[in-house]
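Undergrad: Give me the fold of what follows.
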Amino acid sequence: MRTCPPAHVIVIRIFTHYRFGCISSWRGAGGAAPPPGRPPPPPPRHTLKRQNIPRARSLRVSQTDAEARLWSRLRNRMLGNAKFRRQVPVGPYIADFLCAGHMLIVELDGGQHADNPADMRRTRFLESKGYRIIRFWNPDVLANTEGVLEMILLELDKRPAPHRTHSRPGRPTAATAPPAGGGG
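TA: Numbers count the residues shown, from 1 in each chain. The predicted structure is shown next:
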C-alpha cells in the first residue's frame, strides 16, 4: 500500500518547483501570459511589503529629531495604552507611526511635503484601506510636543480599539468567575 508524504513535504516540493522554474506560473497550465493589450498583473502584495522592509529598517535607524521625540512618547503603550509601531510598510508606502488597533496613522512632515501631490495620493490610498491620517510639521512636534500628544489622544478617542477578552484555557473569564466575596 502506498502512503502519502506529510503535508509539509508536499508544500516544500511545490514551492521548490515554483521557485526554481519547474512550474512557470500559478495562474494555469503552461503559465499563459495575459492577452495582448492588457497590462501584466500587479505584483502580489507580499512582494510590495518585502520590498519596503529594508527601506523601513533604514528609516528607523536614521530618524529625525522630531520622530525620535514623538517615538519616545508613543512607544510601549505610553499614550492612551495604544500600541504604536514606527516606520511600518502599508502597501507601497511606509507610515511614520501606525496604531493598528485604532486604525490611525501619524505622519510627521518636513518642508518638502508642503502641497505635495504625492502626499495626497498617499493619503487617499491609506484612507481607502480604512486608516485615519493626522499630520504634524516637524517644528510643531519639537516646539509643542504636549499639544501634539493631546491631538493624537483626541484622535485615538474618536475610534476606540475593539475590546478583546483574552482568556487562557482552564482559567475563568470575567463572565464565569465566581464572585469575589466567596459567596458563602
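Undergrad: Just give the nearest non-adjacent residue to Trp130, would you?
TA: To be clear, residue 130 is Gly; Trp isn't right here. Closest residue in space to Gly130, ignoring its immediate chain neighbours: Met103 at 5.4 Å, by CB to CB, 6 or more residues apart in numbering. For glycine as for every other residue, the C-beta is placed from the backbone atoms N, C-alpha and C.
Undergrad: nearest spatial neighbour of Glu127, skipping sequence neighbours?
TA: Here the residue nearest Glu127, using CB to CB, 6+ apart, is Ile133, at 6.6 Å.
Undergrad: Name every sheet partner of the helix or strand the one you found falls within and say whether each one runs parallel or antiparallel.
TA: Element membership of Ile133 [criterion: DSSP states H and E] is strand 132-137. The pairing partners recorded for strand 132-137 under DSSP bridges are strand 104-109 (parallel).
Undergrad: Strands of this protein, residue ranges please.
TA: Assigned by DSSP state E, the strands in the chain fall at 85-90, 93-99, 104-109, 132-137.
Undergrad: which residue ranges form the helices in the protein?
TA: 7-19, 45-61, 65-74, 117-128, 138-143, 145-158 (DSSP state H).
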